[in-house]
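Undergrad: quick one: sequence and predicted model below, then my questions.
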Amino acid sequence: MKKGIHPTTYRPVVFRDITTNAEWITRSTAKTDKTTVVDGKEYPLYDLAISSHSHPFYTGKRKLVDSEGRIERFNKKYGRTTKM
C-alpha cells in the first residue's frame, strides 16, 4: 500500500440504521456531532438511512424504503406516477 494516503485517526463509532434501530460498533473516521452510550461508555453516533439490516437485497423482503422522498421528487421532475 502507498504510504501517507490512508487515515490514521480511526476510532470506535456506533452506526445506527434509523429504519430498524440496529446498532453496531466499528472503527471509522466518519465525522459526527452526535453521541450515544453503549454498555456505559460514550461513543460517537452515525445515523444511516439504509444498511444491510434494512435493505431488501440483504433481508430478503421486498419493501419500499423512501425516507427522503426521492421517489416523489423523481415523479414530480419527470411527470411519472408509480403504481404498486
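TA: Great, that's in hand. Residues are numbered from 1 along each chain as shown.

Undergrad: by mean pLDDT, point me to the weakest helix or strand of this protein.
TA: Of all the helices and strands that make up the chain, the one with the lowest confidence by mean pLDDT, DSSP states H and E is helix 56-59; it has a mean of 60.

Undergrad: next secondary structure element downstream of it?
TA: From helix 56-59 onward toward the C-terminus, using DSSP states H and E, the following helix or strand is helix 70-78.

Undergrad: not counting sequence-adjacent ones, nearest residue to Ala30?
TA: Using Cβ to Cβ, 6 or more residues apart in numbering and skipping the chain neighbours, the partner closest in space to Ala30 is Tyr46 (4.9 Å). C-beta coordinates here come from the backbone N, C-alpha and C atoms, glycine included.

Undergrad: return the residues in contact with Trp24.
TA: For Trp24, the contacting residues are Val14, Phe15, taking Cβ atoms under 8 Å, 6 or more residues apart in numbering as the criterion.

Undergrad: in its sheet, what does the helix or strand harbouring Thr36 sit against?
TA: Using DSSP H and E, Thr36 sits within strand 34-38. For strand 34-38, the paired strands and their directions (DSSP bridges) read strand 41-48 (antiparallel).

Undergrad: other residues contacting the partner strand?
TA: Contacts of strand 41-48 with the rest of the structure, by Cβ under 8 Å, 6+ apart, involve 11-18, 25, 28, 30, 32, 34-37.

Undergrad: report the buried members of those residues.
TA: Of all the contacts of strand 41-48 considered here, the ones buried according to neighbour count by 16 or more other Cβ atoms under 10 Å are Val13, Val14, Phe15, Arg16, Asp17, Ser28, Thr36.

Undergrad: list the contacts for the second one?
TA: By that I understand Val14. For Val14, counting by Cβ under 8 Å, 6+ apart, the contacting residues are Glu23, Trp24, Ile25, Thr36, Val38, Tyr43, Pro44, Leu45, Tyr46.

Undergrad: fine by me, thanks again.
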